[in-house]
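In: requesting a structural model of the entry that follows:
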Amino acid sequence: MKTVFHKATDRGHADHGWLNAHHSFSFASYHDPRKVHFGLLRVLNDDIVAPGMGFGTHPHDNMEIVTIPLKGALEHRDSMGNIGVIHPHEIQAMSAGSGITHSEYNHSKTEEINLLQIWVFPKERNITPRYDQGVFTEEEKNGKFKTIVAPIKSDDVMWINQDAYFSLGKFKTGSSVDYKIKNKGNGAYVFVIEGSALIADQVLERRDAIGLWETDNFKIDISKDTEILVIDVPMN
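Out: Reported below is the predicted structural model:
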């Protein structure tokens, strides 16, 4: 097994007033040659957006974009005609494909929103752009991992144009869980949203992350009530 540890306090940081962003990988003006990507995972941004503010209309192409609200509500508009609002326990998945434009705004005029925006390199380039959003319940991730993104189309997961899987789980203090890598050649990037856990002899606290590869599975020991995101992606 090979591992790489990314401490929360070592992430890139940009405070624009309306946007307080932390970057797990090189992004915008933040560049660290040691943290450009993990396999085909390119971006994991932890953004706090002020009330009524957001990202104006801008283009994307050939990238899989997954958005997970942790707190608040996010309003989405795009050139495909999609208009929607996503909340915690919902997820947004978009294939930029051959090219789209979109905007993302805090839907609230009074409360901040905290969201994770994640980019994964696509399996096929220049596909027809696609947008989808789905709902999962708190109960579905209590004491186990709930897969929320997968490369297989299904009623209860969002489809991604890559052999990648996103899973969320909430676990109680003192519990343990085994995670099995989905596909041979994949690795797992484990991001602790809240809490504390021990993985591969490494203690992870809130917003810490560890990447693991060249292994089939690994164990997670929960030190205190913890919510975890696992991004299971091809390494090349």
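In: excluding covalently adjacent residues, which one is nearest to residue 14?
Out: residue 21 (4.9 Å; Cβ to Cβ, 6 or more residues apart in numbering). The way it works is simple: take the backbone N, C-alpha and C, and place the C-beta from them, glycine included.
In: what bridges to the one you found?
Out: For residue 21, the beta-bridge partners are residue 14, residue 47 (DSSP bridges).
In: and it, how many neighbours?
Out: 19 (other Cβ atoms under 10 Å).
In: my guess is it contacts residue 47. True?
Out: Yes - assessed by Cβ atoms under 8 Å, residue 21 is found in contact with residue 47 at 4.9 Å.
In: please name the bridge partners of residue 60.
Out: Bridge pairing for residue 60 - DSSP bridges - gives residue 100.
In: mind checking how far it is from residue 85?
Out: As judged by Cβ to Cβ, to the nearest Å, residue 60 and residue 85 stand 20 Å apart.
In: ditto for residue 145
Out: 26 Å.
In: nearest residue to residue 83 other than its sequence neighbours?
Out: residue 77 (5.2 Å).
In: contacting residues for the one you found?
Out: 57, 83, 102, 103 (Cβ atoms under 8 Å, 6 or more residues apart in numbering).
In: over to residue 62?
Out: Applying Cβ under 8 Å, 6+ apart, the residues contacting residue 62 are 96, 97, 98, 121, 122, 125, 126.
In: look at it and give its secondary structure.
Out: coil (DSSP: H, G, I helix; E, B strand; the rest coil).
In: could you tell me the end-to-end distance of stretch 175-185?
Out: End-to-end span of stretch 175-185 (Cα to Cα, to the nearest Å): 28 Å.
In: and that stretch, what's buried?
Out: Residues of stretch 175-185 classed as buried: 177, 179, 181, 182 (neighbour count, 16 or more other Cβ atoms under 10 Å).
In: likewise for stretch 131-149?
Out: Going by 16+ other Cβ under 10 Å, stretch 131-149 has these buried residues: 131, 133, 134, 136, 140, 141, 145, 146, 147, 148, 149.
In: likewise for stretch 27-43?
Out: Buried, per 16+ other Cβ under 10 Å, within stretch 27-43: 27, 35, 37, 38, 39, 40, 41, 42, 43.
In: with adjacent residues omitted, what lies nearest to the residue nearest in space to the middle of the chain?
Out: Central residue of the chain (Cα atoms, centre = their mean): residue 118, 4.4 Å from the mean position. Spatial nearest neighbour of residue 118, excluding adjacent residues (Cβ to Cβ, 6+ apart): residue 66 at 4.6 Å.
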